[in-house]
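J.: build the 3D model from these lines:
(chains A and B)
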There are 2 protein chains.
Amino acid sequence: MSEPVTAAVLIIGDEILSGRTRDCNSSAIAAHLTGIGIALREIRVVGDVAEDIISAVNALRARYTYVFTTGGIGPTHDDITADAIGAAFGVAVDIDPRAVALMAPAYAARGIELTAARLRMARIPAGAELVESDISPAPGFQKGNVIVMAGVPDIMRSMLVAVTNHLRTGPKLNAVSIVVAQAEGEIADLFSAHQAAYPDVAMGSYPSFAEGRYRTELVLRCADPGRLEEARAGLAHLLAERELL
Amino acid sequence: MSEPVTAAVLIIGDEILSGRTRDCNSSAIAAHLTGIGIALREIRVVGDVAEDIISAVNALRARYTYVFTTGGIGPTHDDITADAIGAAFGVAVDIDPRAVALMAPAYAARGIELTAARLRMARIPAGAELVESDISPAPGFQKGNVIVMAGVPDIMRSMLVAVTNHLRTGPKLNAVSIVVAQAEGEIADLFSAHQAAYPDVAMGSYPSFAEGRYRTELVLRCADPGRLEEARAGLAHLLAERELL
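T.: Numbers count the residues shown, from 1 in each chain, chains lettered A, B, ... in the order given. From the prediction side, this is the model:
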């Protein structure tokens, strides 16, 4: 079996921390990475503060196979991600002719002037590869194991797709779930014993509470589909036996 | 003016990292803290892995006034938050008579047995204060500057309200926004100059893209409402002058 490939997501932007904007990029990236066999191990959200971005990038890139960032690569004064990535890697950040070559004709075709502000979006850390999107001519980039994407969700998704073919991936975890109309306390002993019987299958329980009723989703994850089905069927049997299903 | 009070949120749970469940607790906590004058500086999501929880808790509690955690305090084998908090603080975690006193009569009244699994929810690190909710008899707790809450959103919100009166708060930032039907590139120079003219007002721009159209929200934040209104009116005037509003 191939080695696990791991990742972290770093969301950059004051607007998430103030509660004004709800982040939807992290869950989209999480689902995408799970689907291609990359294990997301950590998500962080930091504000538009250079030292916070730099220290998060350096901590995460040392620890995981890949780091995916979103946000802070636009044309306004609060877009400081490219500079922060340059500082994290100790390399210069300048206007990149490859980025200008993408942006200049696209803007010209739309009659939009390539102002100094728009040229900020062509500032790329030395040694990075560009990551293009279908939507905006301004690129993201990959520097080392850090993939830097836009914060606008449609543009982010397009960049994530663009970079996917170049990523190393590991064993893909399959997942199945059983939902019971019970509080976790009803199934905890049984579920814990089942986990002990199948140490190679990761088992988690996710309770929710709505309209005065508890509901618990039991999720099983394993790379081997046969083994996963055996664990699922066994759990369903145990639950049925105790009239919990 | 009083000192800023800062916070981090730590979301604990494999289900967020797999992309199966979308976290809605962090944005609810973010909005609540902003509303009471606590500046949220960082959000982290880690899995149900003891060493990851311990190292995140220790990093965050040293850096911010408060740390709010959600998840991992239920009765199942993957609920390891109380033990991880105990380990982070170097204190024992045992069944707490105060928690049993809350739980035993509530369960008895509903005809539910206080099983070993349910008693796991009464395990509280030494020296912690309990944090009650209106919904579940199983409490959260506060140990030092770390507030440990349930992951189920309704229960989390109830615990957050319960703890709010005991929190130290700082200056409350007021926010106003102006929305323009423009890409960021159109307003970047003007906005950057306006930020330079009002260094005491935090200004951010948040682009979005839907149905083929760009839209940018310009957000201004300041504790002083008069100064904030002056900055807002000035920005509206500049945008109108250039026919960008």
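
J.: when you work out contacts or count neighbours from here on, use the C-alpha atoms and nothing else.
T.: Will do.

J.: what's around residue A:165, how many residues?
T.: 9 (other CA atoms under 10 Å in any protein chain shown).

J.: so who does the closest residue to residue A:81 other than its chain neighbours touch?
T.: Closest residue to residue A:81 apart from its sequence neighbours, by CA to CA, 6 or more residues apart in numbering or on different chains: residue A:72 at 5.0 Å. Residues counted as contacts of residue A:72 (CA atoms under 8 Å, 6 or more residues apart in numbering or on different chains) are A:12, A:13, A:48, A:78, A:79, A:80, A:81, A:82, A:150, A:151.

J.: any chance of those in TSV, plus secondary structure?
T.: Converted to TSV, the contacts of residue A:72 look like this (DSSP: H, G, I helix; E, B strand; the rest coil):
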residue	secondary structure
A:12	strand
A:13	coil
A:48	coil
A:78	coil
A:79	coil
A:80	coil
A:81	helix
A:82	helix
A:150	coil
A:151	coil
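
J.: just name the closest of these to chain B, please.
T.: Of all the contacts of residue A:72, residue A:78 has the smallest distance to chain B: 6.1 Å, by CA to the nearest CA.

J.: from residue A:128, how far out is the closest one?
T.: 22 Å (CA to CA, to the nearest Å).

J.: between those two, which one's more packed in?
T.: A count of neighbours by other CA under 10 Å puts residue A:78 above the other of residue A:78 and residue A:128, at 23 against 19.

J.: what's the more buried one in contact with, if anything?
T.: Residue A:78 makes contact with A:48, A:72, B:203, B:204, B:205 under the criterion CA under 8 Å, 6+ apart.

J.: quick one: which of these is most hemmed in?
T.: Busiest of these [other CA under 10 Å] is residue A:72, holding 29 neighbours.

J.: next, that one: secondary structure please.
T.: Reduced to three states by three-state DSSP, residue A:72 is coil.

J.: phi, psi for it please.
T.: Dihedral pair for residue A:72: phi 80, psi 20, per degrees, to the nearest 10.

J.: how confident was the prediction at it?
T.: Looking at residue A:72, its pLDDT stands at 96.

J.: in the contacts of residue A:78, find the pair that's most separated.
T.: Within these, A:72 and B:203 form the most distant pair, 13.5 Å apart (CA to CA).

J.: what is the helix-or-strand element of chain A with minimal mean pLDDT packed up against?
T.: Taking mean pLDDT, DSSP states H and E as the measure, chain A has strand A:202-210 as its least confident helix or strand, at a mean of 90. With contacts defined as 3 or more CA pairs under 8 Å, 6 or more residues apart in numbering or on different chains; DSSP states H and E, the packing partners of strand A:202-210 are helix A:184-197, strand A:213-222, helix B:14-17.

J.: CA atoms of it as PDB?
T.: Taking C-alpha atoms only, strand A:202-210 is exported to PDB below (Å, rounded to 0.1, in the frame of the first residue of the first chain):
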ATOM      1  CA  ALA A 202     -11.500   4.200  11.500                       C
ATOM      2  CA  MET A 203     -14.800   4.600  13.300                       C
ATOM      3  CA  GLY A 204     -16.300   7.900  14.400                       C
ATOM      4  CA  SER A 205     -19.700   8.900  15.700                       C
ATOM      5  CA  TYR A 206     -21.300  12.300  14.900                       C
ATOM      6  CA  PRO A 207     -24.300  13.300  16.900                       C
ATOM      7  CA  SER A 208     -26.800  16.000  16.000                       C
ATOM      8  CA  PHE A 209     -29.800  17.400  17.700                       C
ATOM      9  CA  ALA A 210     -32.700  19.000  16.000                       C
END
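
J.: so how far is that strand from its chain's centroid?
T.: Strand A:202-210 has its C-alpha centroid displaced from the chain centroid by 21 Å (CA atoms, centre = their mean, to the nearest Å).

J.: how about residues contacting that strand?
T.: Residues outside strand A:202-210 that contact it (CA under 8 Å, 6+ apart): A:183-184, A:195, A:214-222, B:14-15, B:76, B:78, B:152-154.

J.: residue A:161 sits in which helix or strand?
T.: Secondary structure from DSSP states H and E places residue A:161 in helix A:153-164.

J.: who's in contact with the next helix or strand after that helix?
T.: Scanning forward in sequence from helix A:153-164 by DSSP H and E, the next helix or strand is strand A:174-180. The contact list for strand A:174-180 (CA under 8 Å, 6+ apart) reads A:215-225, A:228, A:232, A:236, A:244-245.

J.: center of chain A, which residue is that?
T.: residue A:29 (3.4 Å; CA atoms, centre = their mean).

J.: how is chain A partitioned into domains?
T.: Residue ranges for the domains of chain A, per automatic domain parsing: A:6-164, A:174-241.

J.: roughly how far is the longest one from the heart of the chain?
T.: Which is domain A:6-164. 12 Å.

J.: over to the last one?
T.: Distance, stretch centre to chain centre, for domain A:174-241: 25 Å (CA atoms, centre = their mean).

J.: so the biggest helix by length in chain A versus strand A:174-180, what angle?
T.: The helix that spans the most residues within chain A, counting by DSSP state H, is helix A:225-241. On the basis of axes from the mean of the first three to the mean of the last three CA atoms, to 10 degrees, helix A:225-241 is oriented at 10 degrees to strand A:174-180.

J.: what angle separates helix A:225-241 from strand A:213-222?
T.: Helix A:225-241 and strand A:213-222 are oriented at 150 degrees to each other (the same axes, to 10 degrees).

J.: just the C-alphas of helix A:225-241, formatted as CSV.
T.: What follows is helix A:225-241, C-alpha atoms only, in CSV (Å, rounded to 0.1, in the frame of the first residue of the first chain):
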residue,chain,number,x,y,z
PRO,A,225,-13.6,-2.0,0.4
GLY,A,226,-14.1,-5.6,1.4
ARG,A,227,-12.9,-5.1,4.9
LEU,A,228,-15.1,-1.9,5.2
GLU,A,229,-18.2,-3.8,4.1
GLU,A,230,-17.5,-6.6,6.6
ALA,A,231,-17.2,-4.0,9.4
ARG,A,232,-20.4,-2.2,8.2
ALA,A,233,-22.4,-5.4,8.0
GLY,A,234,-21.1,-6.5,11.5
LEU,A,235,-22.1,-3.2,13.0
ALA,A,236,-25.6,-3.2,11.4
HIS,A,237,-26.1,-6.7,12.8
LEU,A,238,-25.1,-5.7,16.3
LEU,A,239,-27.4,-2.6,16.2
ALA,A,240,-30.3,-4.7,14.9
GLU,A,241,-29.8,-7.3,17.6
